[in-house]
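Q: Got a predicted structure plus its sequence, pasted below:
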Amino acid sequence: MSYLAPGTPENVALAQHVNGRLRAEARIIAARAFLFRAGGLGLLLALGGIGLGAAFYGYAAMNDVRGAADKLAAALTTALSDVTLKTKGEVTLTDRTLKLEGAPPAPAGRPDVAAIKNQGKSEAAAGAAVRTDFTVFKTVPYLDGSIVTGWNFKGDEAKPERQYCYVSRPQTFGDGTTSKQTTVAVDGQVLPQPAGAEVVFAVIARSCIWFDPAKI
């Protein structure tokens, strides 16, 4: 209930006063909102600046470590280049062949069976026949190993008494490395293919080098 009549100067002044108060409060609220928004934006920019600074710091630290590693490597290289290794002895290479004085000459082809047979006769019993057996190997590369054909000669026979062909591949056991040999053919005949074999005998046998008198 109003004690003032509508339209009177007092009522108009009261209405103006109330409107001014509401506008002032609205401006205060808007100012607070702007302050909060500005504070949030400032905090966001501050966090972004901190993150960017940390990234640049990490990059600079990495470059510093790499520079130290390069300097260490250069120092080690310089130190090793100044080291002089001294040794004694002499190795002579003639026609790309390493020769050892006092060693018997290497055979050019098949070994001299007669010369080998004559060795050791003085140690044999009187009247005993001495026969020297030897094996000639022919090798063909295969993957990480080789395909080897062996010719077993008995004495001074013109052709081998027995031939065999096997594939040899390296195999690791613990800290050591050995070779695994699998015989695939004997005297030109391919052996039966066992179950679970790692190689196909018929395919490997194609690379075996059997004795051929025409090619000797």
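A: The structure has been received and is ready for your questions. Numbers count the residues shown, from 1 in each chain.
Q: CA only for contacts and neighbour counts going forward, please
A: Fine.
Q: Break the protein into its domains for me.
A: 8-67, 112-215 (automatic domain parsing).
Q: Need the winner for burial among those.
A: For these, average neighbour numbers computed from mean count of other Cα atoms under 10 Å are highest in domain 112-215, which has a mean of 14.
Q: Could you save the domains of the chain as TSV and add columns showing distance to T78 and mean pLDDT?
A: Shown next, in TSV, are these (distance: least, Cα to Cα, whole Å; pLDDT from 0 to 100):
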stretch	distance to T78	mean pLDDT
domain 8-67	16	83
domain 112-215	35	82
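Q: Need the per-residue pLDDT for R96.
A: pLDDT for R96: 49.
Q: Let me see the ranges of the strands in this protein.
A: Counting by DSSP state E, the chain has strands at residues 93-94, 97-98, 133-142, 145-154, 162-173, 176-186, 189-190.
Q: Out of these, which is closest to K215?
A: strand 133-142 (13.1 Å; Cα to Cα).
Q: So in that sheet, which strands flank the closest one, and in what orientation?
A: strand 145-154 (antiparallel) (DSSP bridges).
Q: How about residues contacting the partner strand?
A: Applying Cα atoms under 8 Å, 6 or more residues apart in numbering, the contact partners of strand 145-154 are 131-141, 159-170, 204, 207-211.
Q: between the strands of the chain, which one is nearest to R21?
A: Per Cα to Cα, nearest to R21 of those: strand 162-173, 94.1 Å.
Q: ok, residues contacting that closest one?
A: Residues contacting strand 162-173 (Cα under 8 Å, 6+ apart): 144-153, 177-188, 204-205, 208, 210-211.
Q: Take that strand, keep the C-alpha atoms, and write them as CSV.
A: What follows is strand 162-173, C-alpha atoms only, in CSV (Å, rounded to 0.1, in the frame of the first residue of the first chain):
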residue,chain,number,x,y,z
ARG,A,162,82.0,-94.3,-51.3
GLN,A,163,80.3,-90.9,-51.7
TYR,A,164,77.9,-89.1,-49.4
CYS,A,165,76.2,-85.7,-49.4
TYR,A,166,74.9,-83.7,-46.4
VAL,A,167,73.7,-80.2,-45.6
SER,A,168,75.4,-78.4,-42.8
ARG,A,169,73.8,-75.4,-41.0
PRO,A,170,74.9,-73.5,-37.9
GLN,A,171,73.0,-74.1,-34.7
THR,A,172,73.3,-72.2,-31.4
PHE,A,173,73.4,-74.0,-28.0
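Q: can you give me the helices in the chain?
A: For the chain, helices defined by DSSP state H occupy the ranges 9-81, 113-118, 201-205.
Q: quick one on the thing from earlier: with distance to A73 as added columns, please give the domains of the chain in CSV.
A: Formatted as CSV, these follow (distance: least, Cα to Cα, whole Å):
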stretch, distance to A73
domain 8-67, 10
domain 112-215, 31
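Q: Tell me which of these lies nearest to A75.
A: Closest among the domains of the chain, using Cα to Cα: domain 8-67, at 12.2 Å.
Q: So which of the strands of the chain is nearest H17?
A: strand 162-173 (100.2 Å).
Q: how many degrees apart are the closest one and strand 176-186 in direction?
A: 150 degrees (axes from the mean of the first three to the mean of the last three Cα atoms, to 10 degrees).
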